[in-house]
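In: Everything below, folded, please.
(chains A and B)
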Amino acid sequence: MDPVFIAQLIVIGFTFFMLLNSAAVSVYLERKVAGDLQQRLGPNRVGPYGTLQPVADILKLLFKEELRPKAADAFLFALAPVLSVTAAFAAFAVVPWGAETTFFGLLPEPIKLQAGDVNVAMLVIFAVTSMGVYGIVLAGWSSNSKYSLLGALRSSAQMISYELSYGLALAAVLLLGNSLSLTEVVNAQAGSWFGVIPKWFVFLQPIGFLIFMIAGIAETNRAPFDFPEAEQELVAGYHTEYSSFSFACFFLAEYVNMVTVSAVATNLFLGGWHGPLLPEWLGWMWWMAKVLALIYFYIWMRWTLPRYRYDQLMHFGWKVLLPAAVLNLLATAAVVLYWS
Amino acid sequence: MDQVLFYVFAALTVVASLFVIAQRNPMYSVLLLIASFLGLSGLYVLLDSPFAAVTQIIVYAGAIMVLFLFVVMLLNAPHEEPPLRTTIPVTIGGRPLRVGAVLGVLFLAEMAWALSRLARQPIGGDERTAGLVSSVRQIGVELFTTHAFAFEVTSVLILVAMVGAVALAKRNL
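Out: Below is the predicted model of the structure:
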């Protein structure tokens, strides 16, 4: 068989495997960082420094009883978690995580380190993440429980509101990178100004980066925007009625979405796999370091900031974030037009 | 391979669309419509226009259908939101059926006209423009030069619709 084809298959399998693992690592990080921020130790019983805690968590979840409310819509109740997790994984398919490589000459032609290269990658990510809301909405509706329904309604309203700013922040980067392909946008950020400042778009688009991160946090339903599952008001929001593996699916989807937003932000604003010191073929190390830093930022936010009020969230999304994103896009377009 | 995928996506689109009207639960109707849109977007990918495929998902399957789902969910659960109960339209009687029949005949005529036009042209389009259609840059250039008037008129139309929707909703409140 064609070695390039086999290598591509291996890269796809590896990407999937790493994404699964990244969710486990994020869960461990979340608990450890939370412990650190609250001046406790965090998990430290299972394995060295508690590193096997995610494994224990997953096993515990899988061995729990699968419950379904009597009045629930059986088909949609089962479909919702599957949709959630599928959308989460599918979005990552177009995210590149390293420079093109031939694996030290093993392959006749270089392949890209990503599951699939699409020339409209940015739009694909946008489209697939917008499908993720169906998992949450269906979970809320099919559970036939008021907490779940309220969580689902909040989630869809929130995601629709913040998707706009998210998309406009993407569009501004698109203008700078002059392409919809993530690989090309990353390559447009190679090199540095005056040999010191790396040519990352975060320096050209500081407002865009802020908007992207805020909207990203809202899109992934993380604190301080975790209204869909606000424990104090809604028990657990849209996944109140879920247990065992279905709950694990939602849990997994949340962390995979977090990783995806961090990865996309890394590629769009932080120069992807470009960085000093390391050679090109070790670029994925830079990439992972940046993604981990952003995930840390995510967790830091969650355990530092209290939840907003719902009307504040809507006010902020429509009257602050959206105008800021539109102005940012207009300014970027004007500058790009003037310079080129 | 392409042929097999074509039949899979085409079957998905057609069967899902049929079931949208063939069953009673509005929730399932919305979901089947989404499935149908996804099949359609698969067909666009097979036609080498990923941009159209992705736009189809973002605009229709993503944005518009979420709103549909929202409405259906709220209408299905009147106990959750009592104020909304009064706005449920009661569409029983002959009139909607007659309007539907007229629309159906119009649509049939439209399809016949479109197909008769298509029959006179070779299927597959022009070889030279095939690559250009999928390019986002080309779509943008076409939109803002050749079709600038239509583009602007559409945006005004959407604005009017939006203002109208707000005005209607406010009156009911």
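In: Contact partners for A:H239?
Out: If you count contacts by Cβ atoms under 8 Å, 6 or more residues apart in numbering or on different chains, A:H239 has them with A:139, A:148, A:151, A:229, A:247, A:250. (C-beta placed from N, C-alpha, C; glycine too.)
In: ok, now which ones touch residue 51?
Out: In the absence of a named chain, chain A is used. Applying Cβ under 8 Å, 6+ apart, the residues near A:T51 are A:Y28.
In: You answered for a different chain; I wanted chain B.
Out: A:120, A:123, B:134-136, B:139.
In: State the pair within those residues that is farthest apart.
Out: A:L123 and B:S135 (13.4 Å; Cβ to Cβ).
In: Tell me which of these two has more neighbours.
Out: Between A:L123 and B:S135, A:L123 has the larger neighbour count (other Cβ atoms under 10 Å in any protein chain shown), namely 23 against 14.
In: Quickly find the element holding the nearest residue in space to that one that is not next to it in sequence.
Out: Once flanking residues are discounted, A:L123 sits nearest to B:V54: 4.2 Å by Cβ to Cβ, 6 or more residues apart in numbering or on different chains. Per DSSP states H and E: B:V54 is located in helix B:50-55.
In: what's the spacing between the residue nearest the centre of chain B and chain A?
Out: When Cα atoms, centre = their mean is applied to chain B, the residue found nearest the centroid is B:Y60 (6.0 Å). Note on B:Y60: its distance to chain A, by Cβ to the nearest Cβ, to the nearest Å, is 10 Å.
In: so what's that residue up against?
Out: Taking Cβ under 8 Å, 6+ apart, one finds B:F37 in contact with B:Y60.
In: Touching, A:F203 and A:I197? I think so.
Out: Yes - counting by Cβ atoms under 8 Å, A:F203 does reach A:I197; the two are 6.4 Å apart.
In: Tell me which of these two has more neighbours.
Out: Just comparing A:F203 and A:I197: by other Cβ under 10 Å the higher neighbour count belongs to A:F203, 14 against 9.
In: what mean pLDDT does the helix or strand containing A:F14 have?
Out: If you go by DSSP H and E, A:F14 is part of helix A:3-37. When pLDDT is averaged over helix A:3-37, the result is 85.
In: wait, does it make contact with chain B?
Out: No - using Cβ under 8 Å from any Cβ of the partner chain, helix A:3-37 stays clear of chain B, with a minimum separation of 13.8 Å.
In: Who are the packing partners of that helix?
Out: With contacts defined as 3 or more Cβ pairs under 8 Å, 6 or more residues apart in numbering or on different chains; DSSP states H and E, helix A:3-37 has these neighbours: helix A:53-62, helix A:74-92, helix A:244-269, helix A:283-304.
In: So whichever helix or strand comes after the last one, near chain B or not?
Out: Beyond helix A:283-304 on the C-terminal side, the first helix or strand identified by DSSP H and E is helix A:310-315. No - among the residues of helix A:310-315, none lie within reach of chain B under Cβ under 8 Å from any Cβ; the closest is 14.7 Å away.
In: residues contacting whichever residue of the stretch 101-250 of chain A sits closest to chain B?
Out: Ranked by Cβ to the nearest Cβ, the top residue of the stretch 101-250 of chain A for proximity to chain B is A:S130, at 3.5 Å. In this structure, A:S130 makes contact with A:159, A:163, B:57-58, B:61-63, B:66, judged by Cβ under 8 Å, 6+ apart.
In: Buried ones among these?
Out: Buried by 16 or more other Cβ atoms under 10 Å in any protein chain shown: A:159, A:163, B:57-58, B:61-62, B:66, out of those.
In: In chain B, what residue lies closest to chain A?
Out: Counting by Cβ to the nearest Cβ, chain B gets nearest to chain A through B:G62 (3.5 Å).
In: Confirm for me that that residue is in contact with A:V128.
Out: No - with contact defined as Cβ under 8 Å, B:G62 does not reach A:V128; the gap is 9.1 Å.
In: Return the distance of the residue nearest to the centre of chain B relative to A:A127.
Out: The spacing between B:Y60 and A:A127, counted by Cβ to Cβ, to the nearest Å, is 10 Å.
In: where does chain B have its least confident helix or strand?
Out: helix B:127-133 (a mean of 50; mean pLDDT, DSSP states H and E).
In: report the longest helix in chain B, please.
Out: helix B:94-120 (DSSP state H).
In: mean confidence for that helix?
Out: 82.
In: for stretch A:329-338, same thing?
Out: Stretch A:329-338 shows a mean pLDDT of 88.
In: Stretch A:283-292 too?
Out: For stretch A:283-292, the per-residue pLDDT averages 84.
In: Repeat that for stretch A:185-192.
Out: Across stretch A:185-192, the average pLDDT comes to 77.
In: which regions of the chain lie under the pLDDT threshold?
Out: You didn't say which chain, so I picked chain A. Applying pLDDT under 70 to chain A picks out residues A:1, A:102-103, A:105, A:195, A:228-231.
In: actually chain B
Out: In chain B (pLDDT under 70), the answer is B:76-96, B:119-134, B:172-173.
In: Close to chain A: what parts of it are there?
Out: Residues of chain B lying near chain A by Cβ under 8 Å from any Cβ: B:27, B:31, B:34, B:50-51, B:54-55, B:57-58, B:61-63, B:66-67, B:69-70, B:73-74, B:76-77, B:80, B:136.
In: OK, contacts around the residue nearest to B:P26 when sequence neighbours are not counted?
Out: Nearest residue to B:P26, sequence neighbours excluded (Cβ to Cβ, 6+ apart): B:V72, at 4.7 Å. Contacts were defined as Cβ under 8 Å, 6+ apart; by that measure B:V72 touches B:26-27, B:29-30.
In: Just confirm B:V72 is within a helix.
Out: Yes - counting by DSSP: H, G, I helix; E, B strand; the rest coil, B:V72 is found in a helix.
In: Mind exporting the C-alpha coordinates of the helix or strand that A:Y134 is a member of to PDB?
Out: Here A:Y134 sits within helix A:121-142, counting by DSSP H and E. Extracted in PDB, the C-alpha atoms of helix A:121-142 (Å, rounded to 0.1, in the frame of the first residue of the first chain):
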ATOM      1  CA  ALA A 121     -10.900  24.800   7.700                       C
ATOM      2  CA  MET A 122     -11.900  27.900   9.800                       C
ATOM      3  CA  LEU A 123     -15.500  27.700   8.500                       C
ATOM      4  CA  VAL A 124     -15.600  24.000   9.100                       C
ATOM      5  CA  ILE A 125     -14.700  24.500  12.800                       C
ATOM      6  CA  PHE A 126     -17.300  27.300  13.000                       C
ATOM      7  CA  ALA A 127     -20.000  25.000  11.400                       C
ATOM      8  CA  VAL A 128     -19.200  21.900  13.400                       C
ATOM      9  CA  THR A 129     -19.100  23.700  16.800                       C
ATOM     10  CA  SER A 130     -22.500  25.300  15.900                       C
ATOM     11  CA  MET A 131     -23.800  21.700  15.500                       C
ATOM     12  CA  GLY A 132     -22.700  20.900  19.100                       C
ATOM     13  CA  VAL A 133     -25.500  23.000  20.500                       C
ATOM     14  CA  TYR A 134     -28.000  20.300  19.300                       C
ATOM     15  CA  GLY A 135     -26.600  17.800  21.700                       C
ATOM     16  CA  ILE A 136     -27.200  20.100  24.600                       C
ATOM     17  CA  VAL A 137     -30.600  21.300  23.400                       C
ATOM     18  CA  LEU A 138     -31.900  17.700  22.800                       C
ATOM     19  CA  ALA A 139     -30.500  16.500  26.100                       C
ATOM     20  CA  GLY A 140     -32.500  19.300  27.800                       C
ATOM     21  CA  TRP A 141     -35.700  18.700  25.900                       C
ATOM     22  CA  SER A 142     -35.700  14.900  25.900                       C
END
